[in-house]
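>>> need coordinates for the following:
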Amino acid sequence: MRLSRSIRILATLGPASSTPAMIRALYEAGADAFRLNMSHGDHGQIAALYQAVRGVEDAAGRPIGILADLQGPKFRVGAFAEGRVVLHEGDLFRLDLDNAPGTQRRASLPHPEILAALTPGQRLLLDDGKIRLRVQDIGDGYAETVVMVGGALSDRKGVNVPEALLALPPLTDKDRRDLAFALDLGVDWIAQSFVQSAADVAAARDAVDGRAGLIAKIEKPQALRDIDAIADIADALMVARGDLGVEMPVEDVPGAQKKIIDAARRRGKLVVVATQMLDSMVKSPVPTRAEVSDVANAVFEGADAVMLSAESAAGEFPVEAVTVMDRVGAKVETDPHYRSYIDSIRPMPEATGADAITKAARQVAETLDAAAIVTYTTSGSTALRAARERPTAPILVLTPRIETARRLTIGWGLHGFIGEDANNFSDMVEKARRIAKQTGFARTGDFIVVTAGDPFGTPGRTNVLRIAEVREED
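Next up is the predicted model:
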């Protein structure tokens with residue numbers, strides 16, 4: 001199946017999309033990979049979703065990626081004696097470690113790591129930022145705050161701490177259990193939540209141990225300040241605009257998105273834009289015009305993938321949401337301004353043969369108006385280099401490893417195919433011609449540009465570029 005767009009679509013699975021028939025419908029509508037949210041559902045339910053996706057993959061005969069999204073720490077206030085209170089601007093409100101039911105004057109905050117990190121003047125956000133507090137004083141086991149923005153506060157609402165670096169392990173106990181389970185299942189990507197620093201990502205990378213790609217979710221201002229170091233370590237970044245929009249002024253989020261995309265693209269790392277992209281489609285069969293523009297902007301910015309959350313997991317119109325993303329992506333990529341935007345960020349090649357060959361492949365393909373760039377890869381590194389260049393020609397990825405093909409399903413412009421590795425130069429060219437023609441990427445007389453590593457099957461050693469003309473007999 002040849003896609004009409006280079007940007008990829010991630011769809012979250014949930015109650016609205018848990019059957020094999022619905023997963024197949026989402027795939028046929030344009031979903032390239034699926035997200036399993038480890039915050040919802042037990043391991044039995046997650047395993048059933050995983051197996052359902054693999055069943056669709058077998059039927060389609062094409063690789064499908066699966067991402068497991070770890071929950072990360074969750075901070076909540078305790079319960080209230082009467083179920084809720086109403087806080088008013090200027091009220092004093094204490095948060096403490098006492099488990100007694102909350103009152104108009106105080107509430108339990110059973111998270112000593114938060115109280116230990118706070119200093120006077122810092123903000124605390126409750127209930128997704130609807131209520132805003134400012135710390136006035138810190139004592140033994142409590143924080144005295146003043147209400148800056150009031151409202152109703154009920155049992156166990158969430159707490160965000162945007163201005164403090166919390167002394168937390170990079171993975172909670174639940175995360176470690178979920179990670180081990182997901183890796184044993186065979187997921188292709190792990191998304192790490194609540195990243196605060198590059199050290200958090202390094203620890204998670206050690207825990208993943210190369211068994212999946214690692215996506216660092218950027219949802220904390222602290223992570224944004226350390227974005228370059230995080231991008232160096234992670235395999236991919238996710239612009240997690242939900243919590244990011246709670247913890248920083250909403251007007252700063254678009255600039256943060258561009259900064260994250262820029263950091264990823266300049267390093268040749270994958271980048272996913274997520275959260276509330278088509279949020280109105282949870283209840284409506286059509287999106288707002290603003291939401292369409294939001295998706296389009298992510299495409300113009302050169303993101304590798306866009307992601308649906310509640311729209312496909314719990315919404316009333318999951319297939320329609322994927323269809324809209326598919327149509328918007330395809331349309332934007334034919335816009336006359338698209339190339340100028342996407343080419344505005346062009347990572348400089350490193351002084352290596354692999355980077356030189358990959359950059360040359362794009363230039364040769366554009367000079368010859370080649371039908372496709374064909375890359376041979378075992379680890380995926382050759383394909384990722386090709387995607388980093390954002391060529392005008394589609395990129396066919398030939399790999400002997402299904403794990404590599406699945407992981408590359410969220411890579412910009414990558415079309416993965418499973419097959420035996422080439423034995424020599426002649427075999428390499430023959431296979432590339434045949435696959436390009438059989439899959440509809442090329443016709444007789446078209447040129448293709450082929451890159452590979454010699455000796456074949458050696459990861460990260462791209463050192464061969466060949467130009468081939470597709471023949472009648474291919």
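>>> count of neighbours near Leu465?
16 (other CB atoms under 10 Å). In this view, the C-beta of every residue, glycine as well, is placed from N, C-alpha and C.
>>> now the end-to-end length of stretch 25-39.
24 Å (CA to CA, to the nearest Å).
>>> what comes up buried for that stretch?
25-27, 29-38 (16 or more other CB atoms under 10 Å).
>>> return the subset of those lying in strands.
Judged by DSSP state E, the buried residues of stretch 25-39 include Ala33, Phe34, Arg35, Leu36, Asn37 as members of strands.
>>> ok, those vs Leu166, which is closest?
Ranked by distance to Leu166 (CB to CB), these are led by Asn37 at 22.6 Å.
>>> so that closest one bridges to which residues?
Beta bridges link Asn37 to Asp69, judged by DSSP bridges.
>>> enumerate every residue touching it.
Thr12, Leu13, Gly14, Asp69, Ala313 (CB atoms under 8 Å, 6 or more residues apart in numbering).
>>> what residues does Leu36 make contact with?
Leu13, Ile46, Leu49, Tyr50, Ile66, Leu67, Ala68, Asp69, Ala182, Val187.
>>> can you tell me the closest non-neighbouring residue to the fifth one?
Translated: Ile66. Val187 (4.8 Å; CB to CB, 6 or more residues apart in numbering).
>>> ok, now how distant is that neighbour from Leu214?
Separation of Val187 from Leu214 (CB to CB, to the nearest Å) stands at 11 Å.
>>> now Thr323
30 Å.
>>> got it, and Asp98?
39 Å.
>>> more neighbours: which of these two?
Remark: of Asp98 and Leu214, Leu214 carries more neighbours, 20 against 16, as counted by other CB under 10 Å.
>>> who touches the helix or strand hosting Ala383?
Taking DSSP states H and E as the definition, Ala383 sits inside helix 381-388. Where contact means CB under 8 Å, 6+ apart, the residues beyond helix 381-388 that reach it are 265, 268, 270, 304, 347, 354-355, 358, 361-362, 373, 375-377, 395, 397, 399, 404, 408, 411-414, 416, 451-453, 459-460, 462.
>>> how many other residues sit next to the closest residue to Gly419 other than its chain neighbours?
In space, and not counting its chain neighbours, Gly419 is closest to Leu398: 5.6 Å by CB to CB, 6+ apart. If you count neighbours by other CB under 10 Å, Leu398 ends up with 26.
>>> quick one, what contacts Asp294?
Applying CB under 8 Å, 6+ apart, the residues contacting Asp294 are Met277.
>>> state the helix or strand in which it lies.
Residue-wise, Asp294 maps onto helix 289-300 under DSSP H and E.
>>> buried residues, that helix. List them.
Those would be Glu291, Val292, Asp294, Val295, Ala296, Asn297, Ala298, Val299, Phe300, for helix 289-300 by 16+ other CB under 10 Å.
>>> just the CA coordinates for it, please, in CSV.
Output in CSV follows, covering the C-alpha atoms of helix 289-300 (Å, rounded to 0.1, in the frame of the first residue of the first chain):
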residue,chain,number,x,y,z
ARG,A,289,-11.3,24.9,11.4
ALA,A,290,-8.8,25.8,14.1
GLU,A,291,-8.1,22.1,14.7
VAL,A,292,-7.5,21.5,11.1
SER,A,293,-5.0,24.4,11.1
ASP,A,294,-3.3,22.9,14.1
VAL,A,295,-2.7,19.6,12.4
ALA,A,296,-1.6,21.4,9.2
ASN,A,297,0.9,23.4,11.2
ALA,A,298,2.5,20.2,12.5
VAL,A,299,2.8,18.9,8.9
PHE,A,300,4.3,22.2,7.7
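>>> so how far is it from its chain's centroid?
Distance of helix 289-300 from its chain centroid, counting by CA atoms, centre = their mean, to the nearest Å, is 17 Å.
>>> what's the next secondary structure element after it?
strand 305-308.
>>> tell me what that following strand is packed against?
strand 8-13, strand 270-274, helix 289-300, helix 318-332 (3 or more CB pairs under 8 Å, 6 or more residues apart in numbering; DSSP states H and E).
>>> swap the cut-off to 6 Å and go again
Packing contacts for strand 305-308, counted by 3 or more CB pairs under 6 Å, 6 or more residues apart in numbering; DSSP states H and E, involve strand 8-13, strand 270-274.
>>> elements contacting the shortest one?
Meaning strand 270-274. Partner elements for strand 270-274 (3+ CB pairs under 6 Å, 6+ apart): strand 236-240, strand 305-308.
>>> now do Thr375 against Thr444, distance only.
Counting by CB to CB, the gap from Thr375 to Thr444 is 22 Å.
>>> what about these two, which has more around it?
Legend: neighbour count by other CB under 10 Å for Thr375 and Thr444, higher for Thr375 (29 against 12).
>>> who does that one form a beta bridge with?
In beta-bridge terms (that is, DSSP bridges), Thr375 pairs with Val397, Thr451.
>>> give me the pLDDT value at it.
pLDDT recorded at Thr375 is 93.
>>> next, format the helices and strands packed on strand 270-274 as CSV and append mean pLDDT.
Putting the helices and strands packed on strand 270-274 into CSV (pLDDT from 0 to 100) gives the following:
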stretch, mean pLDDT
strand 236-240, 97
strand 305-308, 98
